[in-house]
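Asks: Next one to model:
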Amino acid sequence: MSSQNEMKIILVHGAGHGAWCWYKVVAMLRSQGYSVTAVDLAACGSDPRRIPEDVSNFDEYSQPLMDLMASVGEGEKVVLVGHSFGGFSLAAAMDAFPDKIAVAVFVAAFLPDTVHSPTYILEQHFEQLPDKYNDVEVKAAVVPGKSEPFIISRPHSKVLATTFYQNCSFEDLTLGNIMVRPELDFQEDLRNRAAFSKERYGSVDKVIIVCGEDAILTVDFQHWMIKNNTVKEVMEIKEADHMAMLSKPKELCQCLTKIIKNYAK
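Replies: Coordinates of the predicted model:
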């Protein structure tokens, strides 16, 4: 087995999802001999905690990834892959552990810069594409001890079918409808944070995988984020919807193996 195959790949899901959504990619990469871990962030996937009762801030939400990164041995490097809202957790890990990351791969993911507060990218998305959130179900959740209610959301079946999973199989859409959990965008928390640092986050090589038929993070918005940042390379999967790991897993794996070959040295 080559040293490239031995390098660990860590997969980070988007909001409301979990490690489960990477099942096709995990299987394909492991069948080729790669070491792959898909992590459940807090209150996601099989993690028993709930948003916002048990997990109400971004640090709590991202802690499983930070713990996993902390366990990486000195002198070792990983390939970090994030999807959608997972781009923010990716950025936090890059800021905390830049020397442990060979390359960070953003798959149709939010891509923070090193100038603005992290929430700037979210605000721009809401401003540029306000209609994308018209049909997302939102509700207020009151948590004892907290003065203000939390606004949580969950895309209902129609939104998942037309905006997230439109190129996926009916089976994977059904899986999404069963598994997707309530989500919190932690806007207030992220708004009060300084920008991710140029010296740490900015020092890690970034590769962007654009999903050509993404109906939520549109191609235009993905390219706007790229222009707003410094990236090493841009790749594209033309017929991938937002859930590229489900709609185009083979093509995504081809991109990832190419990235590993080029950057994991």
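Asks: Return the set of buried residues in the one helix or strand Leu65 maps to.
Replies: With elements taken from DSSP states H and E, the one containing Leu65 is helix 58-70. Across helix 58-70, burial judged by 16 or more other Cβ atoms under 10 Å covers Phe58, Glu60, Tyr61, Ser62, Gln63, Pro64, Leu65, Leu68, Met69. All C-beta spots, glycine's among them, are computed from the backbone N, C-alpha and C.
Asks: So which other helices or strands are in contact with that helix?
Replies: Helix 58-70 sits against strand 8-12, strand 35-39, helix 86-96, with contacts defined as 3 or more Cβ pairs under 8 Å, 6 or more residues apart in numbering; DSSP states H and E.
Asks: I'd like the mean pLDDT over that helix, please.
Replies: The average pLDDT for helix 58-70 rounds to 97.
Asks: what pLDDT, on average, does stretch 229-246 get?
Replies: Here the average pLDDT along stretch 229-246 is 97.
Asks: circling back: any chance of a markdown table for the helices and strands packed on helix 58-70, columns mean neighbour count and mean pLDDT?
Replies: Output for the helices and strands packed on helix 58-70, formatted as a markdown table (neighbours: other Cβ atoms under 10 Å; pLDDT from 0 to 100):
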| stretch | mean neighbour count | mean pLDDT |
| --- | --- | --- |
| strand 8-12 | 24 | 97 |
| strand 35-39 | 18 | 98 |
| helix 86-96 | 25 | 98 |
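Asks: Which one of those lies nearest to Asp214?
Replies: Smallest distance to Asp214 across these (Cβ to Cβ): 13.3 Å, for helix 86-96.
Asks: Give me the residues contacting the following helix or strand past the closest one.
Replies: For helix 86-96, the succeeding helix or strand toward the C-terminus, using DSSP H and E, is strand 101-107. Identification of contacts with strand 101-107 by Cβ atoms under 8 Å, 6 or more residues apart in numbering yields 7, 77-84, 87, 90, 93-94, 204-209, 211, 232, 244-245, 252, 256, 259-260, 263-265.
Asks: now do 6 Å
Replies: The contact list for strand 101-107 (Cβ atoms under 6 Å, 6 or more residues apart in numbering) reads 77, 79-83, 87, 90, 94, 204-209, 244, 259, 263-264.
Asks: out of the helices and strands packed on helix 58-70, which comes closest to Glu53?
Replies: Closest among the helices and strands packed on helix 58-70, using Cβ to Cβ: helix 86-96, at 20.2 Å.
Asks: Tell me the gap between the closest one and the middle of its chain.
Replies: 9 Å (Cα atoms, centre = their mean, to the nearest Å).
Asks: again with stretch 173-184
Replies: 15 Å.
Asks: end-to-end on that stretch?
Replies: 21 Å (Cα to Cα, to the nearest Å).
Asks: What mean pLDDT does it get?
Replies: Mean pLDDT, stretch 173-184: 95.
Asks: Could you find the closest non-adjacent residue to Cys21?
Replies: In space, Cys21 comes closest to His13 once its chain neighbours are excluded; the distance is 5.5 Å by Cβ to Cβ, 6 or more residues apart in numbering.
Asks: And the one you found, what's its pLDDT?
Replies: Note on His13: pLDDT of 98.
Asks: which residue is nearest the middle of the chain?
Replies: Residue closest to the mean C-alpha point of the chain, counted by Cα atoms, centre = their mean, is Gly86 at 2.3 Å.
Asks: picking that back up, return the subset of the contacts of strand 101-107 lying in helices.
Replies: Gly87, Leu90, Met94, Ala244, Ile259, Tyr263 (DSSP state H).
Asks: For Gln187, state which of the residues you listed is nearest.
Replies: So of the ones in helices among the contacts of strand 101-107, ranked by how close each gets to Gln187 (Cβ to Cβ), first place is Gly87, at 14.7 Å.
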